[in-house]
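Q: Structure here, sequence nowhere to be found:
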C-alpha cells in the first residue's frame, strides 16, 4: 500500500490529516500510535475507502482508490474495528464469518472452507454454532478477526485490538497476532504490545506522521515520545 500527500478535513472544517505519506510493504507488521485526536482512526478509515481524502494518491496492489476499484480494495484491505459488536450481527459465529464470502458470490463449498480456515487461524474451530453475543470480549475480538480473514485480505488493519481486554485475553491476542502471517497495521495505545510485537512503528500527532522507523529505536526516545503525548513502556 502506498499513500502520498493525503489530506482530509471533516465537514465541520476540522482538519484531521495533513500530508500523510506512508508505504506498507508486504509482510510488514506495523504499529500506528499517537495521542487521542492524532488522526489514526481517520487514516485507517481511508485505507479501504470508508473515507476519501482529496488531492492525494493512494494505491493498494497497484490499484488507485477510485469508486470502481473499491469492492476489490475492500476485500484486499481487511478492517477490524475496536468494538467487535460493530462486526458481529448474525445469529451464529459461522454466519458472521461466512457473511463476507457469501456476498462475494462464492459457492457453498468455498464458503465452508473459508469459514473453517478463518476460525482455525484464530483458534476458534469449535465455535461455529455459538451465538456471537454470548461470547467473551476476547472471543468476540477473535471472531471479528476471523470475519476479515475469511475474505483472504492482503493487509489486516486493526483498531485498538487489546483495549478492554483482561490480562489473559490480552496475552492470548498478542500471541495470535504474532502467529498470523499477514501484512498488518495496528492502531493502538498499548505500547508494551508494540514493543513486543511490531518491528516498525509509525507515530502520529496533530494529523501528521512525526516519526516512522524501528520500534527498538523510537520507543527508547523518551523526549520525543513525551513531546507527542506518549510514555515510554517499561
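A: Arrived safely. Because the structure is a prediction, the values reported are computed rather than measured.
Q: pLDDT below threshold where in the chain?
A: Counting by pLDDT under 70, the chain has low-confidence residues at 54-55.
Q: Now with 80, please.
A: Under the criterion pLDDT under 80, the flagged ranges of the chain are 53-56, 234.
Q: quick one, strands of it?
A: 2-9, 15-23, 29-33, 57-60, 63-64, 77-80, 155-159, 183-187, 200-205, 208-214 (DSSP state E).
Q: Quick one: the ones you listed as TSV, columns for mean neighbour count and distance to residue 108 too.
A: Bear in mind the C-beta positions are built from the backbone N, C-alpha and C, glycine included. Output for those, formatted as TSV (neighbours: other C-beta atoms under 10 Å; distance: least, C-beta to C-beta, whole Å):
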stretch	mean neighbour count	distance to residue 108
strand 2-9	18	37
strand 15-23	17	39
strand 29-33	24	34
strand 57-60	18	29
strand 63-64	13	29
strand 77-80	22	22
strand 155-159	22	26
strand 183-187	22	29
strand 200-205	22	40
strand 208-214	15	44
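Q: Export these to a markdown table and append columns for distance to residue 106.
A: What follows is the strands of the chain, written out as a markdown table (distance: least, C-beta to C-beta, whole Å):
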| stretch | distance to residue 106 |
| --- | --- |
| strand 2-9 | 29 |
| strand 15-23 | 31 |
| strand 29-33 | 28 |
| strand 57-60 | 21 |
| strand 63-64 | 21 |
| strand 77-80 | 16 |
| strand 155-159 | 20 |
| strand 183-187 | 23 |
| strand 200-205 | 34 |
| strand 208-214 | 37 |
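Q: show me what contacts the closest residue to residue 28 other than its chain neighbours?
A: What sits nearest to residue 28 in space, not counting adjacent residues and going by C-beta to C-beta, 6 or more residues apart in numbering, is residue 183, at 5.8 Å. For residue 183, the contact set (C-beta atoms under 8 Å, 6 or more residues apart in numbering) comprises 24, 25, 26, 27, 28, 29, 154, 155, 156.
Q: quick one: which of the residues you listed is nearest residue 61?
A: Comparing the contacts of residue 183 against residue 61 with C-beta to C-beta places residue 154 closest, at 6.3 Å.
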